[in-house]
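Student: from the sequence below, what's the structure:
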Amino acid sequence: MIIVIFLTTLQLSKTNAIVAIVPATIDIIPDEIRPNGNTGIVTKQDASVDVTAYNSYDVTEPDGDICKSSVLGGFGDNGASNTRVYPGDFEIQVANGDGICNTQDSGTYTVNINVTDFVCTFPNPPGCPAATPGEPGIEFQNSELTDSFIVSVAVTVIRSSTIDIDPGSILDRIIQNGIIAIAVSQDPTTDATQYQSYWVTEPDGDTCEAVTLGSFKAPSNSRTYPSDFQIKTIGGDGICDTQNLGTYDVSINVTDFICIVIGPCDEFIKGNAGIEFKDSKLAGDFAVGASLINPSILTIDPEIIETNDTTDITVTQDPTVVGTEYRSYNVTEPDSDICRSAVLGGFGDNGASNTRTYPNDFVIDTINGDGLCNTTNTGEYDVSIIVRDFTCSLSNPPGCPSAAPGEPGIEFQDTNLLGQFEVTPNYFLVLKSLDGSEIFGTPENPPNQFLN
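Tutor: The predicted model follows:
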């Protein structure tokens, strides 16, 4: 009887190790696009799956070209999803047509993906969740996922144009009295974009409008502020310029058109046959400053301490700064000793802060007094920190965000940050005089005459 029970237990254990794996699913969003448009191919796991690996990932175009995902790899875990964009994330595998992965041809595009879904059958076995077939405790299943999407001129999905201020830059910031470009870019499926209104509101309340509106059929259209603008509503000095420091708000109303008939559409007018349109409001802003970079700021807390106490000296970046480097970091004591930070270095990025404690983090630099960095001397302690703040004026240029001066797209600015804190004696209340006034003393010099 004991032997029978033991064998049954083994059989049950082996049976429980075999799990039913629910395969991943495929969804294409959108599944109908216009020629030269993009679509997303979404692969989603079942919640019980730990890892999904791609074995092959192909799209067959109407002209016979077979395009493959530029990378295979995989994703995970437990219900995760992965999206690849067609045609941007694909490259030619078999050229049976024009040899180009695109959505230029109308028709049906067939998607075939072979995946392996992995499941760990007991907690943390060797190999889980790395999901290597054959490792103990790992079950897997291969599946073929198939779907399709349609490219057709009859599809009337209209995607709004987008606004990009100071194209190629991530700052959206210029120096006072400078100029800046405002670009409107169409979706690749858009045939024409028409401006309905085009305004910039200045910090002083002036509203300026584009000198001309019109429309464009190219991928993008750019206007320069302030040269391409004129006053619309006077709320300040009545001049369209970048003299005022602050934020300039941009508001553009556009109509995007597509032609839904085979053949060219000569005029893009609302209501015309064969024309679809969509109205959108585009909004953005840019900043005008006295310099391209907003410098870091200095705070000292507390600003008043007693002798032999400490205080924190903090440097905080502007959010647009990608790195801050200390060029010098000094505190001048009341006895004229100059103490420097034990290390310089720097920190980053995008609004970060760095704190050093005085006197703990400082060493003597120049002896003019007792030669000690401390707070035993009462009086004012002067803080002087020269910082070099870096920012990337281009999107991912060489060297950013490592912020090496001289690299393309990197701007930097040196600023001397000045501050002060005060050290006072360790006062304590001894007693009150007969007339009610408070009598103070120090530990070194108590008012003993009142203690008798």
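
Student: the most centrally placed residue in the chain: what's its closest spatial neighbour, skipping adjacent residues?
Tutor: What sits nearest the mean C-alpha location of the chain, by Cα atoms, centre = their mean, is N350, with 9.5 Å. Nearest in space to N350, with sequence neighbours left out and distances taken as Cβ to Cβ, 6 or more residues apart in numbering, is P319 at 5.4 Å. From N, CA and C alone the C-beta is placed, and that goes for glycine too.

Student: now do the SS call for that neighbour.
Tutor: coil (DSSP: H, G, I helix; E, B strand; the rest coil).

Student: how many other residues sit next to it?
Tutor: For P319, the count of nearby residues is 10 (other Cβ atoms under 10 Å).

Student: just Y86 next, same as before
Tutor: 23.

Student: and the residue nearest to the centre of the chain, its phi and psi?
Tutor: Dihedral pair for N350: phi 60, psi 60, per degrees, to the nearest 10.

Student: mind listing what's buried in stretch 419-429?
Tutor: 419, 421, 423 (16 or more other Cβ atoms under 10 Å).

Student: now stretch 197-211
Tutor: 198-203, 206-210.

Student: what ranges does the stretch 51-200 of the chain have for its strands?
Tutor: 51-60, 66-69, 74-75, 81-86, 90-94, 107-120, 138-151, 162-165, 173-175, 180-185, 192-201 (DSSP state E, counting those that start in this stretch).

Student: what is the orientation angle of the fifth one with strand 51-60?
Tutor: Compare the direction of strand 90-94 with that of strand 51-60 by axes from the mean of the first three to the mean of the last three Cα atoms, to 10 degrees and you get 60 degrees.

Student: what lies in contact with strand 90-94?
Tutor: Here strand 90-94 makes contact (Cβ atoms under 8 Å, 6 or more residues apart in numbering) with 58-59, 65-70, 84, 99-101.

Student: okay, the angle between that strand and strand 81-86?
Tutor: Going by the same axes, to 10 degrees, strand 90-94 makes 70 degrees with strand 81-86.

Student: CA atoms only: put strand 90-94 into PDB for me.
Tutor: Output of strand 90-94 as PDB, limited to C-alpha atoms (Å, rounded to 0.1, in the frame of the first residue of the first chain):
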ATOM      1  CA  PHE A  90      11.400  46.600 -41.200                       C
ATOM      2  CA  GLU A  91      14.000  45.800 -43.900                       C
ATOM      3  CA  ILE A  92      13.800  43.900 -47.200                       C
ATOM      4  CA  GLN A  93      14.200  40.100 -47.000                       C
ATOM      5  CA  VAL A  94      13.100  38.800 -50.400                       C
END
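
Student: stretch 266-286: which residues count as buried?
Tutor: Those would be 268, 275-278, 280, 282, 284, 286, for stretch 266-286 by 16+ other Cβ under 10 Å.

Student: contacts for it?
Tutor: Contacting residues not belonging to stretch 266-286 are listed as 156, 158, 160-166, 172-174, 180, 182, 184, 191-192, 194, 196, 215, 247-261, 265 [Cβ under 8 Å, 6+ apart].

Student: just the buried members of the residues you listed?
Tutor: 158, 160-161, 163-166, 172-174, 180, 182, 184, 191-192, 194, 248, 250-260, 265.

Student: can you list the low-confidence ranges for the chain?
Tutor: 1-19, 122-136, 154-156, 168-171, 261-263, 393-409, 427-452 (pLDDT under 70).

Student: that one: helices as residue ranges?
Tutor: 2-16 (DSSP state H).

Student: hang on, the earlier thing: which residues does the residue nearest to the centre of the chain contact?
Tutor: 317, 319-322.

Student: tell me how far stretch 243-258 lies from the chain's centre.
Tutor: 22 Å (Cα atoms, centre = their mean, to the nearest Å).
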